[in-house]
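Undergrad: Any chance you could fold what I've pasted below:
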Amino acid sequence: MAGRNIGVAVDFSACSKNALRCAAANLAASGDRLILIHVKSSYQYEQGVVQLWEHDGSPLIPLVEFSDPRVSKIYGLAPGREMLEILTRAANQKGVQVFAKVLWGDPGKKLTEAVQTIPLQWLVVGNRGLNRVKRFLMGSVSTYAVNHTTCPVTVVRENKLPSAATTNY
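TA: This next block holds a predicted model:
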């Protein structure tokens, strides 16, 4: 099915890079849109941007702008060379359109809202593998997303290969 919006939750950590690799290699196909969703829970240093897009998030930021350090700085993003290479490869080799979207607020809630507002047909999230106590105390964005979204969710564990993902239908 071409033309899907596939969301990938990114916080620029190793586990979100694994989630991105999985989405780019295994899910994205020609004509799809790969949308990186970065949720910032902190409002520091970004008051101007936050005031403009606090409720609905930033506009979709095309890869060419997302790759520009000046644009990334406006939104407080730090994609890094490796992530940009993964995205550029997906765009050039698979014919995937790549965008980024920045949201502000609680990561789990904002991801589930993004499924409806963008809308997304698939969501990919990383999982750091927190033990039960840490997950209870800190919460888990991936667990929240699996339990509250209306689209399929693929959870990619940090220390596993992308093919070791679990999917909720």
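Undergrad: where do the helices sit along the chain?
TA: All helices of the chain, identified by DSSP state H, fall at 14-22, 47-53, 63-66, 69-75, 80-94, 107-117, 132-138, 141-148.
Undergrad: Tell me which of those is the most buried.
TA: Greatest average neighbour count among the helices of the chain goes to helix 14-22 (a mean of 22), per mean count of other Cβ atoms under 10 Å. Where C-beta positions appear, they are placed from N, C-alpha and C, glycine not excepted.
Undergrad: elements contacting that helix?
TA: strand 5-9, helix 80-94, strand 122-127, strand 153-157 (3 or more Cβ pairs under 8 Å, 6 or more residues apart in numbering; DSSP states H and E).
Undergrad: ok, 10 Å please
TA: strand 5-9, strand 33-40, helix 80-94, strand 122-127, strand 153-157 (3 or more Cβ pairs under 10 Å, 6 or more residues apart in numbering; DSSP states H and E).
Undergrad: just checking, residue 30 touches residue 92?
TA: No: Residue 30 is beyond contact range of residue 92, at 11.5 Å (criterion: Cβ atoms under 10 Å).
Undergrad: Could you tell me the end-to-end distance of stretch 57-72?
TA: 15 Å (Cα to Cα, to the nearest Å).
Undergrad: for it, what is the average pLDDT?
TA: For stretch 57-72, the mean pLDDT works out to 91.
Undergrad: Same question for stretch 91-98.
TA: 95.
Undergrad: Which residues does it contact?
TA: If you take Cβ atoms under 10 Å, 6 or more residues apart in numbering as the criterion, stretch 91-98 is touched by 2-3, 5-6, 8, 23-25, 27-36, 60-64, 66-67, 84, 86-90.
Undergrad: again, only this time at 8 Å
TA: 24, 28-36, 62-63, 66, 87, 90 (Cβ atoms under 8 Å, 6 or more residues apart in numbering).
Undergrad: which of the residues you listed are buried?
TA: Among those, those scoring as buried are 24, 28, 32-36, 63, 66, 87, 90 (criterion: 16 or more other Cβ atoms under 10 Å).
Undergrad: Show me which pair in those residues is furthest apart.
TA: Spanning the widest gap among the buried ones among the contacts of stretch 91-98 are 32 and 66, at 16.8 Å by Cβ to Cβ.
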